[in-house]
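Enquirer: I'll drop the sequence and a predicted model, then ask my questions.
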Amino acid sequence: MSYYKNEDEVLIMLGAFFHIEKISHDKKNNLWIAYLSLAEESDYRLKDTFAHMKQKIGEETNLASLGKILFEMGEFEQVEKCYQHMMRDAQLDLSAAHSGLSKAALGQNDFIKAANYEQQALAIKTSILPKNHRDLAISYSRLGHIYCEQNDHDQALKYLKQAMKIEEKLFPLEPLILAKTYKRIATTYADLGRYTLALEYYTKVLEIRQAYLPPIAKSIASTYHSIGKLHYKQKELTIAFQYYSDALEIYKKILPPKHPSIVQIEEDISKLKSK
């Protein structure tokens, strides 16, 4: 047991034993007040009880041990709630494992396996989470990214827009997650050659990142670079050059001179100038 004086609260460890010293009735507030003193494990009268409870419940304090205590108390409705919560946590852990395996597969460019694992994660989440939960949006967005990598752009946009629908409702609570989904939508439209739509979404990405990140964040520079590429593809070379320059200015402040991002953008600027 521990006492936090400044917060006027006492934390009591699960399974603690107390002596009831006395009970009084507060007539004014219609309350019964019990005066307790904490029993110690060395208390001879409770020694056998302590030993029995430890053996029955176990050393760890978790939802399983809480369920056992509630069962002993005859609080069967609370027992049911406790174990349902435990099952939900176990399912979410399994979902997280599937998502982790999906990331590992994606890192190895095994897109089919990555999609299968993330679909399994999504199925679990869908069965236990509210339909507008952020974790559903994260799975939808990941699936959209995976399908985009497979060049299955219709499927990619389907999942990405499901993610976007949820994340826009949550905004501004999860702004950078929404920005990531916008970026994936922009990338998908760019792959399809729909540059106007791609620019529309990259502009949204830039607005969010500029609002919520430091001005020299690497992801802001990469967004400038991506927008510059889209203008280059549309032969808007002056605008493209400005975005390339903005990106390079940030990169030079935060990255070493030979970093691949700097090398790439310098090549893009050189290519643009040769036009």
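Expert: Ah, there it is.
Enquirer: in what helix or strand does Tyr189 lie?
Expert: Secondary structure assigned from DSSP states H and E places Tyr189 in helix 175-191.
Enquirer: can you list contacts of that helix?
Expert: 134, 137-138, 141, 144-145, 148, 151, 153, 156-157, 160-161, 163-164, 167-168, 170-171, 195, 197-202, 204-205, 208-209, 211-213, 223, 226, 229-230 (Cβ atoms under 8 Å, 6 or more residues apart in numbering). Backbone N, C-alpha and C define where each C-beta goes, glycine included.
Enquirer: Hmm, Lys253 is touching Pro215, no?
Expert: No. At 9.7 Å, Lys253 does not count as touching Pro215 under the criterion of Cβ atoms under 8 Å.
Enquirer: Which residue is the nearest non-sequential neighbour of Lys273?
Expert: Spatially, and ignoring its direct neighbours in sequence, Lys273 is nearest to Phe241 (8.0 Å; Cβ to Cβ, 6 or more residues apart in numbering).
Enquirer: Could you confirm the one you found falls within a helix?
Expert: Yes. According to DSSP: H, G, I helix; E, B strand; the rest coil, Phe241 belongs to a helix.
Enquirer: Quick check, it in contact with Lys271.
Expert: No. Using Cβ under 8 Å, Phe241 is not in contact with Lys271, being 10.9 Å away.
Enquirer: More neighbours: the two, which one.
Expert: With other Cβ atoms under 10 Å as the criterion, Phe241 and Lys271 differ in neighbour count, and Phe241 comes out ahead with 18 against 11.
Enquirer: Quick check: Leu129 touching Ser139?
Expert: No. Counting by Cβ under 8 Å, Leu129 stays clear of Ser139, with 9.9 Å between them.
Enquirer: returning to that earlier point: so what secondary structure elements neighbour the following helix or strand past the helix holding Tyr189?
Expert: Next along the chain after helix 175-191, taking DSSP H and E as the criterion, comes helix 195-212. Applying 3 or more Cβ pairs under 8 Å, 6 or more residues apart in numbering; DSSP states H and E, one finds that helix 195-212 makes contact with helix 175-191, helix 218-233.
Enquirer: How far does helix 195-212 sit from its chain's centre?
Expert: Chain-centre distance of helix 195-212: 22 Å, with Cα atoms, centre = their mean, to the nearest Å.
Enquirer: pLDDT score for Phe71?
Expert: pLDDT for Phe71: 72.
Enquirer: List phi and psi for Thr217.
Expert: Let me fix one detail, which is that residue 217 is Ala and not Thr. With angles defined as degrees, to the nearest 10, Ala217 sits at phi -70, psi 140.
Enquirer: Much appreciated, bye for now.
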